[in-house]
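**Student:** sequence and predicted structure are below.
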Amino acid sequence: MDGRFIVFEGMDGCGKGENTKRLASFLFDRSKEYDFIVVTHEPTYGKHGVQIRKLLKSETDPYRSADKLLELYVKDRIEHLKEVITPSLKEGAMVICDRYKYSTLAFQQTQGIPLEKIIKMHDGMPVPDVVFILDIPPEGALERLRERTAVEKFEKLEFMKKLRENYLKLVDQLPKEKIVVINASKSRESVFESIVKKLDAANILPY
Ligand code: TYD
């Protein structure tokens with residue numbers, strides 16, 4: 001049995017977390033055969049993830065510590081793959097991951113790291129069956145974020161505008177990967193409906 005690997009991406013406030021959880025619950029209800037669903041998240045709460053969060057909390061300038069963060073996010077991902085993602089896929093799980101390498105490709109590129117360098121650092125890592133980029137204008141994302149928490153390091157309008165562009169460019173820059181852009185400004189219901197439709201149309205779900 002081989003598993004399926006589904007990733008949700010986008011800027012903070014785009015609704016990834018909600019759709020990740022909603023898809024897991026939807027699939028669990030849809031078929032008894034989806035009895036092994038792994039819902040996971042990057043950065044993790046492993047040793048590198050803890051360091052990342054500390055660093056993010058201690059800074060406000062979105063462009064600072066690009067190299068350090070790049071190193072930490074990639075190390076965190078290597079550990080996440082080794083401990084959680086790869087073993088689960090081998091056992092036939094449906095792995096639904098909130099953020100993966102596309103976050104590093106978009107965020108750390110926006111911080112100033114060349115895209116090619118980031119791509120090279122991910123050579124050989126599993127490529128998801130599908131990646132959903134939940135696309136929303138940064139103004140809308142910031143509005144949602146302000147309802148929730150204090151403004152964080154990357155949550156600055158000018159940074160988020162570039163970040164959005166960098167996310168959208170990935171579709172053409174990684175033509176061999178299945179990256180689907182979803183208009184996440186629509187209602188919650190229609191966003192989730194588009195996700196399920198795309199999954200069905202692309203024949204990604206085994207049943
Ligand atoms: P986030 O998804 O907000 O985690 P949590 O909700 O658990 O704190 O991720 C934290 C921040 O890290 C977020 O602003 C996006 C950023 N990030 C990167 O810059 N590069 C990456 O590779 C990843 C995974 C996240």
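**Tutor:** Thanks, I have the structure now. Fair warning: this is a prediction, and the values are worked out from it, not measured in the lab.
**Student:** every contact and neighbour count from this point should use C-alpha atoms.
**Tutor:** Noted.
**Student:** ok, then the element right after the stretch of helix or strand Ser88 belongs to?
**Tutor:** Secondary structure assignment for Ser88, by DSSP states H and E: helix 86-90. Scanning forward in sequence from helix 86-90 by DSSP H and E, the next helix or strand is strand 94-98.
**Student:** name the helices or strands packed onto that following strand?
**Tutor:** Strand 94-98 sits against strand 4-9, helix 16-30, strand 37-41, helix 86-90, with contacts defined as 3 or more Cα pairs under 8 Å, 6 or more residues apart in numbering; DSSP states H and E.
**Student:** does the ligand sit close to the second one?
**Tutor:** No - shown here: helix 16-30 not in contact with the ligand (Cα under 6 Å from any ligand atom), separated by at least 8.1 Å.
**Student:** for that helix, which positions count as buried?
**Tutor:** The neighbour-count check on helix 16-30 (16 or more other Cα atoms under 10 Å) flags 16-17, 19-20, 23-24, 27 as buried.
**Student:** relative to strand 37-41, how tilted is that helix?
**Tutor:** Between helix 16-30 and strand 37-41, the angle comes out at 180 degrees (axes from the mean of the first three to the mean of the last three Cα atoms, to 10 degrees).
**Student:** now the helices and strands packed on strand 94-98 in CSV, with mean pLDDT?
**Tutor:** Formatted as CSV, those follow (pLDDT from 0 to 100):
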stretch, mean pLDDT
strand 4-9, 97
helix 16-30, 94
strand 37-41, 97
helix 86-90, 97
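**Student:** of the ones you listed, which approaches Leu199 most closely?
**Tutor:** For those, proximity to Leu199 was assessed by Cα to Cα; strand 4-9 is nearest, at 9.5 Å.
**Student:** can you list the strands that the closest one pairs with?
**Tutor:** Each strand paired with strand 4-9, and its direction, by DSSP bridges: strand 94-98 (parallel), strand 130-135 (parallel).
**Student:** for the helix or strand that comes right after the longest one, what does the pLDDT average out to?
**Tutor:** With elements assigned by DSSP H and E, the helix or strand that comes after strand 130-135 is helix 138-148. In this model, helix 138-148 has a mean pLDDT of 89.
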